[in-house]
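**Student:** Based on what follows, work out the 3D shape:
(4 chains, ligands or ions: 4)
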Amino acid sequence: MARRTMVEAIRDALDVAMERDARVVVFGEDVGYFGGVFRCTDGLQRKYGTSRCFDTPISESGIIGVAVGMGAYGLRPVAEIQFADYMYPAYDQIVSEAARLRYRSAGEFTAPLVVRMPCGGGIFGGQTHSQSPEALFTHVCGLKTVIPSNPHDAKGLLIAAIEDDDPVIFLEPKRIYNGPFNGHHDQPVVPWSRHPLGEVPDGHYTVPLGEAVIRREGDAVTVLAYGTMVHVAEAAAEESGVDAEILDLRTLVPLDVETIGRSVRKTGRCVILHEATRTSGFGAELSAQVQERCFHHLEAPILRVTGWDTPYPHAQEWDYFPGPARVGRALRAVLES
Amino acid sequence: MARRTMVEAIRDALDVAMERDARVVVFGEDVGYFGGVFRCTDGLQRKYGTSRCFDTPISESGIIGVAVGMGAYGLRPVAEIQFADYMYPAYDQIVSEAARLRYRSAGEFTAPLVVRMPCGGGIFGGQTHSQSPEALFTHVCGLKTVIPSNPHDAKGLLIAAIEDDDPVIFLEPKRIYNGPFNGHHDQPVVPWSRHPLGEVPDGHYTVPLGEAVIRREGDAVTVLAYGTMVHVAEAAAEESGVDAEILDLRTLVPLDVETIGRSVRKTGRCVILHEATRTSGFGAELSAQVQERCFHHLEAPILRVTGWDTPYPHAQEWDYFPGPARVGRALRAVLES
Amino acid sequence: MTKPTPLSLHVPEPPVRPGDKPDFSRMTIPQAGRTRRPPLDTPAHDIHDLAYSVIRVLNRQGEAVGPWDPGLDAQALLHGLRAMMRTRAYDARMLMAQRQGKTSFYMQCSGEEAIACGFQMALGRGDMNFPTYRQQGLLIAQDWPLTDMMCQVLSNAQDRLRGRQLPVLYSAREAGFFSISGNLATQYIQAVGWAMASAISGDTRVAAAWIGEGSTAESDFHAALVFASVYRPPVILNVVNNQWAISAYQGIAGGENVTFAARAHGYGIPSLRADGNDYLAVRAVAAWAVERARRNLGPTLIEWVTYRAGPHSSSDDPSRYRPKEESDAWPLGDPVMRLKNHLIVLGAWSEERHRQLTAEIEEEVLTAMREAERHGTLHEGPKPGPAEMFEGVYKEMPRHLREQRTELGV
Amino acid sequence: MTKPTPLSLHVPEPPVRPGDKPDFSRMTIPQAGRTRRPPLDTPAHDIHDLAYSVIRVLNRQGEAVGPWDPGLDAQALLHGLRAMMRTRAYDARMLMAQRQGKTSFYMQCSGEEAIACGFQMALGRGDMNFPTYRQQGLLIAQDWPLTDMMCQVLSNAQDRLRGRQLPVLYSAREAGFFSISGNLATQYIQAVGWAMASAISGDTRVAAAWIGEGSTAESDFHAALVFASVYRPPVILNVVNNQWAISAYQGIAGGENVTFAARAHGYGIPSLRADGNDYLAVRAVAAWAVERARRNLGPTLIEWVTYRAGPHSSSDDPSRYRPKEESDAWPLGDPVMRLKNHLIVLGAWSEERHRQLTAEIEEEVLTAMREAERHGTLHEGPKPGPAEMFEGVYKEMPRHLREQRTELGV
Ligand SMILES: Cc1ncc(C[n+]2csc(CCOP(=O)(O)OP(=O)(O)O)c2C)c(N)n1
Ligand SMILES: Cc1ncc(C[n+]2csc(CCOP(=O)(O)OP(=O)(O)O)c2C)c(N)n1
Ligand SMILES: [Mg+2]
Ligand SMILES: [Mg+2]
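**Tutor:** Ligands and ions are numbered 1, 2, ... in the order given. So this is what the prediction gives:
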């Protein structure tokens, strides 16, 4: 057991997986000698050699294309896309190939790969270092989509993802790589060492895919969140004084509809949070499902607090980011309606 | 005024646009000499020459990439992607470039292009000739997404799309290219010449983007549909005897929330249809918005009748396609709940 | 500087169109036997000339000549002849089945049989092809059961792909035949990845990537060449240049002034260009490249020069975009005829035995078809059930798919 | 066949790493003046050798020699020197601003100034560059107001991009400077499309595409070469090989055994390789390629050989992956020093006047910065308001964005 940042937890997960299973290989732009622009693969090339951890050409489609081939061969590739904003050139290989391979070959070939990608805003990265494209993956059958909110889960979910026999999209909210962030950008940065979920067990463990967790129990309203927004939700609940029940979804597909349903049936109200643009964001699916499954328990409209339907701007970062003030307003609004 | 198939209506729209505006250029795989695998560009190269209508290499990213450059120059490119299933290699150029160009250059450069693509199933095309990827576009701010259900609208919407100053994704449900299809695959094919909306005015006219239309008035339940599913909805309403109000959305973004809201507030019930896979499909957004805007008028859960969350299978086409029987069951279900 | 004249767009056009006389005069075809055969470890730069030539073995007299003669015995030659003829007969039968409404779609490889049938013989057990839809010969040359392939085409109850895939998009892991994608070019880079995995694992298996000349314009072709150039994995990068991509002649893919084999030069990858209608050239060139890969000498790109003698698919009508007689005018001839003549010249074959073999194969294919049809056709008889549709999206069916299956009532 | 030995993966490694002595011995650099200058209309195939050479004009003695000497007068040379020095001073000032927290991010082009500054002089009004983030010299060489650029970097109230873009991702249509994308390589193919549009329109304007050597691995590079090869539009395809792509040396992009200029050969596109640290070579080579484009002779690819002397960006620390002294050991020297020496050799310049100019430029940049800061910096002073965020997503703001703007209360 040790205090770890999310970067360290991810590195540790890769280390554990590579140590246990020689089929695990790690690659991407700048991930080899340099150890990744966010340092998530630091030391792995030194430890496992250039055949198991290496730099790739700057070709996201190539990175995922070779990963699919490696997976079909029998390896367990873990590919890094340097920023989620740069996954689009690889989208065809992810959607048309990785996600469909098992199905179309009736199980003869599979693509047990993990695609890691830093996502989300809050770092003044502008429109091409801030995106949250999770909905573009959740719409694709055959993929699992995971997004951790803390070091403990990041390690356990990543090991589970690597061990999973299906392709997994593993989104890493970069704003919380080094410490939780509740949206109060003007307050001092808190390190993970001061957060209980910065406590990361040594060695092998998994957090199963497909299980949400309740981060805060409450009776007034259910908040569905993931990634950075879990911390924003916590701050908003505290500051607004609303007794919110906060769910950290952790896996978006397959979705833990049981935990969600149980909570909404209890509270009768629901607020959904994400950083991604609103229209056709994953919040829409959550809203639709909550409404389908809990219609007769709902006492107020389900609200979405999300990024606006604009590219992620540079200077207006904090007007764009769905911070605790906006979330707090939504919590109060569902109580009042 | 003449009876036209949807293919003819689309060709006519291109012809009208090219005739009126020398900046309009048309290109894509097999669209030049051959006139397109669905014949939508037949005769245009002969009439306008190889500089304005030409074949391209098989490179969807290249097709959209050059279209963005041409748009920035000042032309009005209309690019064909042979099947919507093959748009993924172009997704980066669509999302990161065409959709963002106006915003990121603060209007110095724009990408007034139209991307036409046949979509949808019902032709035994298997998983790579049947997809309905509209939700992958509706999530992307900066794009408009259009999908006609008949020749009249196809021509008017396509001309409007070409004249629009923003990038427009123009989805063409290929199953209804030559005749309306209500999902009864075992019944004889009906030609457009026997359908009132096969009546297509000559010359220039537009159907404005962003306006839905009521195809069938009714009091019992609002059905939100687009493309082929409009016809399925009509058959289902007729056969189930449910007095459904059927909306043909025509444009998905920007969405005509007024017409939708007005209808749902009247009926108190809503069923959403699409061929695309369910999870994070555009139906989720529709469901979320209806619920947000009409919560207090809803008397039953909003239901979605959609493609399943699997690739589009070949042999099981009619088990996959959301036909009138499934839609009819949903109509009755919302009335009973 | 004088005022420049207006620019204009160059749009490549094939030399002829329907109604014109076929014209292959732009093609330079060296005589059989004239192209040199370099040592396996020659650096890419030193064989640039081979990307602008055409390696050929069978001459007009039906003799095998020159350094690339693979020296096959009569049995091997006959195996090749039989494989090509079976492929052709299979194609004819399946196209007919499509015309009869027994399935939705079909794609032949007429005129290109030598490439897949010959190439397969260079591979060993465990090697992996990443084929396109026009390499049925890879399966047929290794005597993969025709009935099995037919069941896939018919999407019937015995379809190993459970009705999920479009006809001809086979998958046969045991046969070293990777699941075909409906999306062009995607598998080219996957083959490179598979070969990288073999190298990472200290294995001895090699991969073969396949693509049509039209599809070399796709991004994944470049990705494959970049990764192959960087990591030098054991992969053979096949480009089948059959002159046409549906209605687009090869100039639209960038073949107007340069060969597709030459694409490899910019990546430092050795490349060869070979007569794809010459079974002996195919065998020899394939063996050379596979051996290079096996010895860890890295990737080789091969452009196979051939002609798509039939329509693109059962949905296509080539008379709309090229002269009907173009196929007969194709200067490299027909692969079956050329090998047959060679065997006759060798004294190992006769018109009579050829007729017999044709009849035998006809019978074999018909029997296989009868057997296949017993398991149903697309619209009649037994077929994979709707429940199959929900299987295999994931290893284990998640809750939402179970719910949807229930919703469908299956 | 003997049992093959196990395969292994080749992973390219740079010759040296931090702690090692810099080593450029693998580079072959021809003497200045030795590379031939072919006529503009030479077919691609006949100048293949130029993709493996390095066109150079300035020799060690600071003299301009050989057929590529552009024959510029002192005034033109001084303009080049001044442009490069202004670019460098601008970079230094903006990096400092980033360090001071006045903005979030910055990217210099240290060591590469000659390329953009020299290339721009070959273009005319109306031509269009599609630059990467390392071509600020294109703007500075044409005396685009530094304050305007600074306001973008500071995302302040006068930022013409309304605070929406990351610093350095300028857009300046009037200056023939296309909006820079944060996504690598995407604009390479757009430049080709723009040039196609110019040709379609019977215009006389040409486009220049820009890319780093690392980014040539991206798909859009291939797309650009394919479309340029097919339609022969008036476009110059620049590849800036500054040896590094963040931490990855050029071997990881496929430059271990082949040049980036050679990539063009497989597409039948003429290509040149030139000393990017030699202002005169840049001027001459750029002019040659632009003239080809202007005369409808089609695309040219140019690999500019240079070295990224600074960190990749303000977020990077190159001492983690390459020797600190590598920049000093770079065999092609520093572009500013080389042009300065040339001017001194010509008798048109002196150390004294150089010092003066340095001071003047320092002053100019400082003044521009003061002016820029009056309009605010990222975190202080006036800035584009939140309402700006909703503008320009579409030409007219659709209802849902108006609703969202209301929801934000702005
Ligand atoms: C990504 C993608 N784009 C377009 C298509 C449609 N398509 C199918 S085959 C084909 C032509 C391919 O030509 P070529 O690569 O030369 O192979 P050939 O058919 O000649 O064997 C096209 C355009 C597709 N299947 N996938
Ligand atoms: C599509 C995409 N992938 C990755 C990145 C991250 N990235 C930014 S710059 C860079 C290196 C580019 O190197 P090179 O092309 O050589 O240009 P240089 O920085 O040397 O000028 C990378 C990987 C990106 N911006 N876009
Ligand atoms: Mg072809
Ligand atoms: Mg570089």
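**Student:** Any idea which residue of the stretch 51-200 of chain A lies closest to ligand 1?
**Tutor:** A:Asp92 (7.7 Å; CB to the nearest ligand atom). Backbone N, C-alpha and C define where each C-beta goes, glycine included.
**Student:** Burial check on that residue, number of neighbours?
**Tutor:** Neighbour count of A:Asp92, defined by other CB atoms under 10 Å in any protein chain shown: 29.
**Student:** Tell me the backbone dihedrals of it, please.
**Tutor:** phi -60, psi -50 (degrees, to the nearest 10).
**Student:** So for it, what's the nearest residue that isn't a sequence neighbour?
**Tutor:** Leaving aside its chain neighbours, A:Asp92 sits nearest to B:Tyr88 (3.5 Å; criterion: CB to CB, 6 or more residues apart in numbering or on different chains).
**Student:** ok, now A:Pro311?
**Tutor:** Nearest-residue entry for A:Pro311: A:Gln127, 4.0 Å, with adjacent residues in sequence omitted and distances by CB to CB, 6+ apart.
**Student:** Report how many residues lie close to that neighbour.
**Tutor:** 25.
**Student:** Touching, it and D:Gly163? I think so.
**Tutor:** No. Counting by CB atoms under 8 Å, A:Gln127 stays clear of D:Gly163, with 11.2 Å between them.
**Student:** any idea how far C:Arg283 lies from C:Phe119?
**Tutor:** 8 Å (CB to CB, to the nearest Å).
**Student:** Looking at the two, which is more packed in?
**Tutor:** Neighbours per residue (other CB under 10 Å) separate C:Arg283 from C:Phe119, with C:Phe119 holding more: 30 against 26.
**Student:** State the helix or strand in which the more buried one lies.
**Tutor:** helix C:113-120 (DSSP states H and E).
**Student:** Briefly note if that helix comes near ligand 3.
**Tutor:** No. Counting by CB under 5 Å from the ion, no contacts exist between helix C:113-120 and ligand 3, the nearest distance being 11.8 Å.
**Student:** helices or strands up against the following helix or strand past that helix?
**Tutor:** Proceeding N to C from helix C:113-120, the next assigned helix or strand is strand C:128-130, under DSSP H and E. The contact analysis (3 or more CB pairs under 8 Å, 6 or more residues apart in numbering or on different chains; DSSP states H and E) places strand C:128-130 against helix A:60-73, helix C:186-200, strand C:207-212.
**Student:** Which stretch among the ones you listed approaches A:Ser96 most closely?
**Tutor:** helix C:186-200 (6.1 Å; CB to CB).
**Student:** what mean pLDDT does the closest one have?
**Tutor:** For helix C:186-200, mean pLDDT is 98.
**Student:** picking up where we left off before, hey, what's in contact with both of A:Gln127 and D:Gly163?
**Tutor:** A:313-314 (CB atoms under 8 Å, 6 or more residues apart in numbering or on different chains).
**Student:** how close does the closest residue to ligand 1 within chain C get to C:Asn242?
**Tutor:** The nearest approach of chain C to ligand 1 comes at C:Gly212, 2.2 Å away (CB to the nearest ligand atom). Here the distance between C:Gly212 and C:Asn242 works out to 7 Å (CB to CB).
**Student:** Which residues are in contact with each of those two?
**Tutor:** In contact with both C:Gly212 and C:Asn242: C:Arg134, using CB under 8 Å, 6+ apart.
**Student:** leaving aside the residues next to it on the chain, what's closest to the residue most central in space within chain A?
**Tutor:** With distances taken as CA atoms, centre = their mean, A:Ile147 lies nearest the centre of chain A, 1.7 Å away. In space, not counting the residues next to it along the chain, A:Ile147 is nearest to A:Leu171; the distance is 4.2 Å by CB to CB, 6+ apart.
**Student:** Confirm that neighbour sits in a strand?
**Tutor:** Yes. Counting by DSSP: H, G, I helix; E, B strand; the rest coil, one finds A:Leu171 located in a strand.
**Student:** got the angle for the top helix by length along chain C vs helix C:113-120?
**Tutor:** In chain C, assigned by DSSP state H, the helix with the most residues is helix C:74-99. Here helix C:74-99 points in a direction 120 degrees away from that of helix C:113-120 (axes from the mean of the first three to the mean of the last three CA atoms, to 10 degrees).
**Student:** How about the residue in chain A positioned nearest to chain C, nearest residue that isn't a chain neighbour?
**Tutor:** Chain A approaches chain C most closely through A:Gly69 (2.5 Å), counting by CB to the nearest CB. Spatial nearest neighbour of A:Gly69, excluding adjacent residues (CB to CB, 6+ apart): C:Gly193 at 2.5 Å.
**Student:** didn't the one you found look like it was pressed against A:Ile64?
**Tutor:** No. C:Gly193 lies out of contact with A:Ile64 (CB under 8 Å); the separation is 9.1 Å.
**Student:** quick one, which of those two is more surrounded?
**Tutor:** Neighbour count, other CB under 10 Å: between C:Gly193 and A:Ile64, C:Gly193 has more, with 34 against 30.
**Student:** For C:Ser215, give me its contacts.
**Tutor:** Counting by CB under 8 Å, 6+ apart, C:Ser215 touches B:58, C:132, C:184-185, C:221, C:245, C:253.
**Student:** rerun at 7 Å
**Tutor:** For C:Ser215, the contact set (CB atoms under 7 Å, 6 or more residues apart in numbering or on different chains) comprises B:58, C:184-185, C:221.
**Student:** From B:Tyr86, how far off is it?
**Tutor:** For C:Ser215 relative to B:Tyr86 (CB to CB), the value is 11 Å.
**Student:** Same check on C:Asn129?
**Tutor:** Distance of C:Asn129 to B:Tyr86, given as CB to CB: 23 Å.
**Student:** For the stretch 51-200 of chain A, which segments count as helices?
**Tutor:** A:60-73, A:91-92, A:101-104, A:134-138, A:151-163 (DSSP state H, counting those that start in this stretch).
**Student:** The stretch 101-250 of chain C now?
**Tutor:** With DSSP H, counting those that start in this stretch as the criterion, the stretch 101-250 of chain C has helices at C:113-120, C:136-140, C:146-154, C:186-200, C:219-231.
**Student:** Could you list every helix and strand in contact with the fourth one?
**Tutor:** Okay, so that is helix C:186-200. Under the contact definition 3 or more CB pairs under 7 Å, 6 or more residues apart in numbering or on different chains; DSSP states H and E, helix C:186-200 sits against helix A:60-73, strand C:128-130, strand C:207-212, helix C:219-231, strand C:235-241.
**Student:** Isn't C:Ala253 up against C:Glu218?
**Tutor:** No. Between C:Ala253 and C:Glu218 there is no contact, the gap being 9.7 Å when judged by CB atoms under 7 Å.
**Student:** The two: which is more packed in?
**Tutor:** Set C:Ala253 next to C:Glu218 and count neighbours by other CB under 10 Å: C:Glu218 wins out with 33 against 29.
**Student:** Just give the closest residue to that one, not the sequence neighbours.
**Tutor:** According to CB to CB, 6+ apart, the nearest residue to C:Glu218 is C:Ala185 (3.6 Å).
**Student:** show me what contacts the residue in the stretch 101-250 of chain A that chain B sits nearest to?
**Tutor:** Closest approach between the stretch 101-250 of chain A and chain B, counting by CB to the nearest CB: A:His139, at 3.7 Å. Contacts for A:His139 (CB under 7 Å, 6+ apart) come out as B:135-136, B:277, B:279-281.
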